[in-house]
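**Q** Could you look at this predicted model? Sequence included:
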Amino acid sequence: MPKVIDHDQRRREIVEVAKKLIIEGGFEAATMRSIVTAAGYANGALKHYFDNKDSIIAATFESVLRETAQRMAELDPELSPMDALRGFVEAAMPLDHDRITSARVLLVLWEHSVANPELARRYRDLLTSWRGELTRRIAAARGRGERSNARAVGVLADEIISVTIGANVASLMHPVGELVGRYTAYVDSLMRRIA
């Protein structure tokens, strides 16, 4: 009887291998050959799951973005608007080993997306969606009856996005976790300003 193969599981395994190679050696380390070797598959096996390296990279990018979105989605729906905003912001900040590791992968993929219009579009779409959710949460947390498209709300959302991206980049230049205290202080300060 032929062995039943879970193709979705294999794709996830390949993405995890690509992610690990990117973390350890950057984009150049994640070659088709290194991925197939690290995954323990025969040469040519990747073609059954991904057309080329770009499709593996796109899947890796999506995987990291999904992990962040999952952290955001796991917030307790019973939280106050301020606590929900705080959790949403913290979900994207490099405050633990997993988020710092995600930042390392994203940094490599951001650089690659400059030359890859499809990856760039996906990231722009994410930023647009993220900004929309932030403006909604900020308006609710401020409790002033503002609309999510109010200028002050949009300025705060843009600040949070910029600081979060910068924090993710800066966290890679320091020993793991060294900047967590600074980022937590920023989030505390932000919440006081919004309140």
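**A** On my side now, so go ahead.

**Q** List the residues that contact T101.
**A** With contact set as Cβ atoms under 8 Å, 6 or more residues apart in numbering, T101 has these partners: I23. The way it works is simple: take the backbone N, C-alpha and C, and place the C-beta from them, glycine included.

**Q** helix or strand right after the helix or strand containing it?
**A** Under the assignment given by DSSP states H and E, the secondary-structure element containing T101 is helix 97-113. Counting by DSSP H and E, the element after helix 97-113 in chain order, helix or strand, is helix 117-142.

**Q** related to what we said a few turns ago, for the helix holding T101, what is the average pLDDT?
**A** Helix 97-113 comes out with an average pLDDT of 84.

**Q** quick check: angle from it to helix 117-142?
**A** Between helix 97-113 and helix 117-142, the angle comes out at 130 degrees (axes from the mean of the first three to the mean of the last three Cα atoms, to 10 degrees).

**Q** Tell me which residues touch the spatially most central residue of the chain, please.
**A** Taking Cα atoms, centre = their mean, the centroid of the chain lies closest to L65, which sits 3.8 Å from it. By Cβ under 8 Å, 6+ apart, the residues touching L65 are 122, 126.

**Q** can you map out the helices along the protein?
**A** Remark: helices assigned in the chain by DSSP state H are 7-25, 32-39, 53-73, 81-92, 97-113, 117-142, 151-171, 180-194.

**Q** okay, the angle between the helix holding T101 and helix 180-194?
**A** If you take the same axes, to 10 degrees, helix 97-113 sits at 80 degrees to helix 180-194.

**Q** That concludes my questions; thank you for your assistance.
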